[in-house]
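**Q** Any chance you could fold what I've pasted below:
(3 chains)
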Amino acid sequence: MLEIRELSTSYGPVKALDGVSFSAPRGKITAVLGANGAGKTTLLRTVSGLIRPVKGSALLDGHDLSRTPAERMPSLGLAHVPEGRGVITELTVEENLRLGGLGRADRSRPSDNERVYSLFPVLSDRRNATAHVLSGGERQMLVIGRALMATPKMLLLDEPSLGLAPRIVAQIFDLLKTLVESDGLTVLLVEQNARSALSIADYGVVLNLGKLIVHEEAAVLAADDKLRHAYLGF
Amino acid sequence: MQQFLTTALTGLTLGMVYAAFALALVLIWRSTRIVNFAQAPMAMITTYVALALIDAGFSYWIGFAAALLSGLVLGAVIERVVIRPVEGKAHINAVILTLGLFIVIHALAAVIFGSRYRSFPAPFGLQGFQAGDVTIALTGFGIFTIVSVLVVMLLLVALFRYTDLGLMMRASAFNQEVARLLGVKVSRMLTLGWALAALVGSLSGLLIAGGSLVHPSYMDSVVVYGFVAAVLGGLDSPAGAVVGGFLLGVSLSFVSGYVGSELVALASLVILMLVLLLRPGGLFSHAAERRV
Amino acid sequence: MSVATRVPAPLAKALGRISSSTLLRHLLFALFGLVIVILVLESTDQFRNAQFASMAYLGIAAGGLTVLTGLNGQLSLGHGAFMAIGAYTTALFFQDSEPPLPVVGVLIVATVVTLIVGAAVGVAAARLHGPYIAGATLALAVAVPGIALFFSDTLGGEQGLNVLVPDIPDWFANVVFFITANEVSTSKYIGYIGWLCLLATFVLLANLSRSRVGRVWRAVRDDEVAAEIAGINLGRARVLAFVVSAACAGLAGAVMAMAVRITAPSGFSLTLSLTLLTAVVLGGLGSLLGALIGAALLTFLPQVVTGVGHDAGLSDLQAAELAPLVYGLTMVLVILLAPAGIVGSIRGAWRRRKESA
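**A** Numbering: from 1, shown residues only, chains lettered A, B, ... in the order given. Sure thing, here's the model as predicted:
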């Protein structure tokens, strides 16, 4: 579904991504793992159009994303939840969700925030509160909900577990798994917390210094001790 | 008593105009993080457009509409063509750029329209009302001023609070990158922001001109007062701009009435420095100390 | 063996000392400049002399401003106000044909008065950044002429004060006659005063720029946090830069008062402050040479542009407005296309050529 071919991005003389190639199959969760600075966030930002690659391409169902501006991505069915979550704290919960719905891919139906509220009841209680007052876990739920408002077929998630208690992380990851199964979402999940990520992922991709080291089924990756010690920190 | 009342009422009316101008500055600051010093000559030149139409025989209201419309267009064009290249870059570039525009628009107005002092009509009359022995210094035009600014502000509030477009504009102002990822065409929102700000600026230009004299420099001090009003309320706060304009208008009116009109600009400088040194975020800032 | 390599030892030592001593080098430049000034002032008529005097005081103010904005990063839109202070102080001294102080004394007093006001403003401005310092100095520029209007009894109100330039001292006329066999008109006298002040000011500014003070200023401009960590007192550095530039503007105003023979509020409008900024931007922020080029452009370009306007059929008033239109447009284009200004762009191109060679 998402095909990355020889994708290369540079920040000046520094090669952040160097000839990365792999596919993220439809309806599956592909984890993108590696140490800090490996290029994981750069990969997502290049796919979602915030950065222009110097070489290579990213194809979403055949459509070349690398020459598409970021604003057009939601209409193509791609939603990107960035590093740091990207909650617009000056807007209310309701407004954040409404904003997400404005760019939705499926225009035949009205924007549906009730579904998000039923998935995340805590947001429903706070729907008129300024997003500023939400806790870390609530914010993560908000941005995932906001991304869902755009009826995406593909979701890019950048370090959703960052700064969250393990219990909340487990809750969110469970929810993610459920959504993938119910909506047929394809997910590209960047995580530092490789153990949690591999527990819900179907596939895993390991990056190091901008290069792709390995692309394997998640279970195989989790079982490979040498690899885990070398690149994943556990 | 009479003088007090007159001064207060004059301040109220003036304050509304400063509030409008301050609002224009705040709109642009929120979306592009630039203080548009050129807003004053932009408003001035759209007033001249109105004047040209009025000279040609059209009614005041046609001129009025034309000024607002040309403000809208001018704001959009300037953002798209001149300001876009420096957005997000070193701040000093944007400041110098708006000052360069200030000079250019000034000179253009003088070349095209001449530097003579021209009088500008004021609808609804310039007479105050009599209530017993007290003359209430609220003229028909003064009421029009207050009402028109309030109407524009309410329309803007409605736009931002209740419409999708307004939501997109606010999102673009608060977090450009996230807005882009959500499908908002941020660059269009920025252009729209400048266009609306220029429209509000044009309104204040027309209101200051009414019953008074128009010449290329007539709006110059307003950019100072508008800036002080905006800072008073907090550059990020539209509500603050309105309150700031109001407070400043009344204060300056009292300075003008009881001390001397020549010292009004100095008074505004003193007020500005007091705010910046004591409460840099403006009167409505929260605890967070912002570095100015 | 070529002759060029056999430079006599004492001369080589002298040259070496000059090139390694900043002060000597700058003084040598100044001396060279003085020679050119004499040549130019002596060979041109009164009208040109007056124009050169204009260029001189604009140059002094622009020099101070470019140091403040270019080296230290503080944008000031209010230097016209400082010029007004220097000018009005000077005017107050030159109300009688027998002034209480000689010219040099008056210039010093005017500079000191402006310096003191500059210190007060600088202390307030040191805490402001970005648009706030721009707005505050803008307010200053608009406020100061109003003060002159308010105290109209002493300061002449709308009409302003006339400035009675004292007679040219005999010793000066004699020296000039001795060197050039020419008489000295008042315009030429003021031209000399202006340029002598400019040369002295530029030597001072150039030395400051190259010294530790200049390095501190640049450090504060480039990275406040790093500068503070390095032990630099941000406030003190900023106030010093402000004071120096205000003093320059005060001196410039003093010379302007003598050159124009009148100080009135209308001469110190916002336009003056913006004009100074234009000079500095066009030449290149931080460059003294740029400030001089900017001052030259602003003195001589208007005439050229107005002439073009006349030929194109514009009226007098319209043609006069053509000059600010041109340099406003140039300023916009410079920021968009060549933010380093004329001097900066040339220097940049020069450096790139040297690197690729």
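**Q** List the residues that contact the residue in chain B that chain A sits nearest to.
**A** For chain B, the residue closest to chain A is B:Gly183, as judged by Cβ to the nearest Cβ, at 2.3 Å. Using the backbone N, CA and C atoms, a C-beta is placed for each residue, glycine as well. Shown in contact with B:Gly183 (Cβ atoms under 8 Å, 6 or more residues apart in numbering or on different chains): A:71-75, A:102-103, A:150.
**Q** Alongside chain B, which residues does chain A contribute?
**A** Those residues of chain A that sit near chain B, judged by Cβ under 8 Å from any Cβ of the partner chain, are A:48, A:50, A:69-75, A:79-80, A:82, A:86, A:88-91, A:95, A:98-100, A:102-103, A:146, A:150.
**Q** Those, buried ones only, as a PyMOL selection?
**A** To isolate the buried ones among the residues of chain A next to chain B in PyMOL, judged by 16 or more other Cβ atoms under 10 Å in any protein chain shown, type:
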select buried, chain A and resi 48+50+70+71+72+73+74+79+80+82+86+88+90+91+95+98+99+100+102+103+146+150
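**Q** tell me which residues in the helix or strand of chain A with the lowest mean pLDDT are buried?
**A** When each helix and strand of chain A is scored by mean pLDDT, DSSP states H and E, helix A:225-227 comes last, with a mean of 79. By neighbour count with 16+ other Cβ under 10 Å, helix A:225-227 contains the buried residues A:Leu227.
**Q** Determine how far that helix lies from the middle of the whole chain.
**A** 25 Å (Cα atoms, centre = their mean, to the nearest Å).
**Q** Which ones among the contacts of B:Gly183 map onto strands?
**A** In strands, defined here by DSSP state E, there are no members of the contacts of B:Gly183.
**Q** other SSEs contacting the helix or strand harbouring B:Leu269?
**A** Using DSSP states H and E, B:Leu269 maps to helix B:264-278. Other helices and strands packing on helix B:264-278, by 3 or more Cβ pairs under 8 Å, 6 or more residues apart in numbering or on different chains; DSSP states H and E, are helix B:220-233, helix B:238-258, helix C:103-125, helix C:130-150.
**Q** Highest mean neighbour count out of these?
**A** Each of those was scored by mean neighbour count; the highest is helix B:220-233, a mean of 28, by mean count of other Cβ atoms under 10 Å in any protein chain shown.
**Q** Could you export it as CSV, CA atoms only?
**A** Coordinates of each C-alpha in helix B:220-233 appear next as CSV, following Å, rounded to 0.1, in the frame of the first residue of the first chain:
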residue,chain,number,x,y,z
ASP,B,220,1.5,58.3,10.5
SER,B,221,0.9,58.9,14.2
VAL,B,222,-2.0,56.4,14.2
VAL,B,223,0.5,53.6,13.6
VAL,B,224,2.2,54.6,16.8
TYR,B,225,-1.0,54.8,18.8
GLY,B,226,-2.3,51.6,17.3
PHE,B,227,0.9,49.8,18.2
VAL,B,228,0.8,51.1,21.7
ALA,B,229,-2.8,50.1,22.0
ALA,B,230,-2.0,46.6,20.7
VAL,B,231,0.9,46.2,23.1
LEU,B,232,-1.2,47.5,25.9
GLY,B,233,-3.7,44.7,25.4
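**Q** now it, how far from the centre of its chain.
**A** Chain-centre distance of helix B:220-233: 8 Å, with Cα atoms, centre = their mean.
**Q** tell me the mean pLDDT for that helix?
**A** Summarised as a single mean, pLDDT over helix B:220-233 is 91.
**Q** Stretch B:159-176 too?
**A** 92.
**Q** And stretch B:108-118, by the same measure?
**A** 88.
**Q** What of stretch C:222-240?
**A** 87.
**Q** quick check, it touching chain B?
**A** No: judged by Cβ under 8 Å from any Cβ, stretch C:222-240 makes no contact with chain B; its nearest approach is 9.5 Å.
**Q** Indicate whether stretch C:260-279 makes contact with chain B.
**A** Yes: against chain B, stretch C:260-279 shows contacts by Cβ under 8 Å from any Cβ at C:269-270, C:274, C:277-278.
**Q** Which one of the residues you listed sits in the busiest neighbourhood?
**A** When neighbours are taken as other Cβ atoms under 10 Å in any protein chain shown, the top entry among the residues of stretch C:260-279 next to chain B is C:Leu277 (28 neighbours).
**Q** what about that one, helix or strand, and which?
**A** helix C:270-283.
**Q** For whichever residue of chain A sits closest to chain C, the count of nearby residues, please.
**A** Chain C sits closest to A:Pro13 of chain A, with a gap of 16.1 Å, by Cβ to the nearest Cβ. Residues within reach of A:Pro13, counting by other Cβ under 10 Å, total 5.
**Q** cool, B:Tyr117 as well?
**A** What B:Tyr117 shows, counting by other Cβ under 10 Å, is a neighbour count of 11.
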